[in-house]
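In: just coords:
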């Protein structure tokens with residue numbers, strides 16, 4: 001039974017050897033990449049609505065290597081969508097309703 005193969009048949013790996021792999025999977029709908037610092041606890045993200053924080057539950061579905069920006073967390077959830085403004089860094093004392101000011105992004 002074969003679970004994977006190398007694109008280059010000249011590559012071989014000894015049994016028991018540890019190697020690093022990057023696996024590319026097809027895109028999945030309704031999945032949002034966020035910096036790991038945007039995740040509070042195991043499954044909470046704060047959206048910014050009218051300059052106030054609003055927490056939403058998310059589910060982690062994977063990670064994404066964003067090159068120079070590092071590893072991001074892939075999340076999905078009923079209350080969050082692509083394009084929502086989110087708190088991207090850990091803020092001590094973040095709670096619903098806390099007033100915040102948004103900073104411009106590079107997008």
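Out: Right, received. Where do you want to start? Please read all numbers here as calculations on a predicted model, not as lab measurements. Residues are numbered from 1 along each chain as shown.

In: use CA for all of it now, contacts and neighbours both
Out: Noted.

In: number of nearby residues for the nearest residue to residue 39 once chain neighbours are set aside?
Out: Among residues not flanking residue 39 along the chain, residue 45 sits closest, at 5.3 Å (CA to CA, 6 or more residues apart in numbering). Residue 45: 23 surrounding residues under other CA atoms under 10 Å.

In: now do the contacts for residue 45.
Out: Contacts of residue 45 were listed using CA atoms under 8 Å, 6 or more residues apart in numbering, and they are 38, 39, 55, 56, 57, 58, 86, 87.

In: nearest to residue 29 among the residues you listed?
Out: Proximity of the contacts of residue 45 to residue 29 (CA to CA) peaks at residue 58, which lies at 14.7 Å.

In: so what pLDDT did that closest one get?
Out: You'll see residue 58 listed with a pLDDT of 97.

In: equivalent analysis for residue 1, please.
Out: As predicted, residue 1 sits at a pLDDT of 63.

In: sorry, back to before: tell me what the residue nearest to residue 39 is bridged to.
Out: Assessed by DSSP bridges, residue 45 has beta-bridge partners residue 56.

In: just put the contacts of residue 45 in TSV and tack on distance to residue 75 and neighbour count.
Out: Formatted as TSV, these follow (distance: CA to CA, whole Å; neighbours: other CA atoms under 10 Å):
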residue	distance to residue 75	neighbour count
38	11	19
39	9	22
55	14	19
56	11	15
57	10	17
58	6	19
86	13	19
87	14	23
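
In: which among these gets closest to residue 49?
Out: residue 86 (8.8 Å).

In: ok now do the nearest residue to that closest one once chain neighbours are set aside, which residues does it touch?
Out: Closest residue to residue 86 apart from its sequence neighbours, by CA to CA, 6+ apart: residue 47 at 4.2 Å. For residue 47, the contact set (CA under 8 Å, 6+ apart) comprises 53, 54, 55, 56, 80, 84, 85, 86, 87.

In: what's residue 47 sitting at in phi/psi?
Out: Per-residue torsions, residue 47: phi -80, psi 160 (degrees, to the nearest 10).

In: what pLDDT does it get?
Out: Per the predicted model, pLDDT is 96 at residue 47.

In: swap in residue 9?
Out: Per-residue confidence (pLDDT) for residue 9: 78.

In: appreciated, that's everything.
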